[in-house]
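**Q** turn this into a model:
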Amino acid sequence: MTLEEIQAKLEASVKDSTVTMEGDGCNCSTLVVSPIFEGMSLLARQRMVLAAVRENIDSGELHALSIKARTPAENS
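**A** Below is the predicted model:
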């Protein structure tokens, strides 16, 4: 799975998001910035992001994803 494919899935799943990816495609990290995270706990944010790629993790196509999920205010 390429970083571009992961990024596209995350952007499609998390409304109004800006997604930045780093890594090699199997083990990678992401920064997802979206106003939808306002008022959500860190755990709820991470669960939302993971839900977008859960099937890829379950199939072994994606081995690890480190997640930072922030609101636009938290990212500035």
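
**Q** nearest residue to the middle of this protein?
**A** In the chain, the centroid-proximal residue (CA atoms, centre = their mean) is residue 49; its distance is 4.4 Å.

**Q** per-residue pLDDT of that residue, please?
**A** Reading off the confidence values, residue 49 has pLDDT 97.

**Q** what does the one 4 residues further on give?
**A** Note for residue 53: predicted pLDDT of 93.

**Q** repeat that for residue 26.
**A** We have a pLDDT of 68 for residue 26.

**Q** re the thing from before, and for the residue nearest to the centre of the chain, nearest residue in space, chain neighbours not counted?
**A** residue 67 (5.0 Å; CB to CB, 6 or more residues apart in numbering). Just so you know, the C-beta spots here come from the backbone N, C-alpha and C atoms, and that holds for glycine as well.

**Q** surely that neighbour is in contact with residue 47?
**A** No. Between residue 67 and residue 47 no contact is recorded; they are 9.6 Å apart, counting by CB atoms under 8 Å.

**Q** now residue 1, nearest residue through space, not along the chain?
**A** By the measure of CB to CB, 6+ apart, the closest residue to residue 1 outside its immediate chain neighbours is residue 61, 4.9 Å from it.

**Q** tell me the secondary structure of that neighbour, please.
**A** Per DSSP: H, G, I helix; E, B strand; the rest coil, the secondary structure class of residue 61 is coil.

**Q** and it, how far from residue 39?
**A** Summarising the geometry, the distance separating residue 61 from residue 39, computed by CB to CB, to the nearest Å, is 32 Å.

**Q** the more surrounded of these two?
**A** Ranked by neighbour count (other CB atoms under 10 Å), residue 61 and residue 39 place residue 61 first, with 14 against 7.

**Q** mind checking pLDDT for the more buried one?
**A** Residue 61 carries a pLDDT score of 87 in this model.

**Q** neighbours around the residue nearest to residue 15 when sequence neighbours are not counted, how many?
**A** The shortest distance from residue 15 to any non-neighbouring residue, by CB to CB, 6+ apart, is to residue 36 (4.9 Å). Close neighbours of residue 36, defined as other CB under 10 Å, add up to 15.
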